[in-house]
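# sequence and predicted model, in that order:
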Amino acid sequence: MEAKSPREDANPYRPGQMSYGRKRLYNFILTVVVMIVSVNLYYLGFFGTYEGPLHPQNVGRTLAGWGVTPTGILIGLIILTIMAFSWDYVLNGFCTLFGFRLTCAKPLKEKEGFCDSPVKRTRITETKSGTLEYTYLCLQGHRLREARFHRFKKGRFGHTLWLVGVVCCAIWIYVS
């Protein structure tokens, strides 16, 4: 019997699997929440048509009072964009370096795949050629010289975040 992934399980709260009445109620509640947030942002001056603390001129005055310059904002946007783009590469390098997110690479039967139990690095051995090798020990007792690494993958939100950062930096450079 194959194990189902969490996405394949029947979740009654996912919009595609809801009944008609529940879907309508879900959409109504979501609309009301968005409307409440939008009205509050309007009265705080976020959209620029109502005088409030989030009105663009007031935000600009406040930032200027703190000593923030347009160059400083651009540098901050560039740093945030680089961080949003490269966080998974840094995290995967860290995990590889210290031996996290590794599973056993022992092939079981042809149709079953690999053992996939978590492993620990046990010992570094030096070969005759002078290179260092790790030995991995899994919970099932397999001792191998190789393990499978499961990397972090950036999802839709991560890619959207760094693309928005690039667009904001481009707009900021074009405007100033």
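Noted; the coordinates are in hand.
# which phi and psi does W66 have?
Main-chain torsions, W66, degrees, to the nearest 10: phi -80, psi -10.
# could you count how many residues lie near it?
8 (other Cβ atoms under 10 Å). C-betas here are computed from N, CA, C, even on glycine.
# tell me the predicted confidence for it.
For W66, the pLDDT comes out at 93.
# V32 versus that one, what's the distance?
W66 sits 36 Å away from V32, taking Cβ to Cβ, to the nearest Å as the criterion.
# can you check G65 too?
Distance of G65 to V32, given as Cβ to Cβ: 37 Å.
# checking my notes, E133 in a strand, right?
Yes: when DSSP: H, G, I helix; E, B strand; the rest coil is applied, E133 is found to be in a strand.
# what sits against it?
Neighbour list for E133: I124, T125, E126, T127, R145 [criterion: Cβ atoms under 8 Å, 6 or more residues apart in numbering].
# could you redo the last one with a cut-off of 6 Å?
T125, R145 (Cβ atoms under 6 Å, 6 or more residues apart in numbering).
# for it, which residues make a bridge with it?
In this structure, E133 bridges to T125 when assessed by DSSP bridges.
# kindly provide the distance from it to G67.
As judged by Cβ to Cβ, E133 and G67 stand 54 Å apart.
# and E51, by the same measure?
As defined by Cβ to Cβ, E51 lies at a distance of 24 Å from G67.
# count the residues that sit near G21.
Residues near G21, counting by other Cβ under 10 Å, number 8.
# oops, could you answer that again for K106 instead?
Neighbours around K106, by other Cβ under 10 Å: 20.
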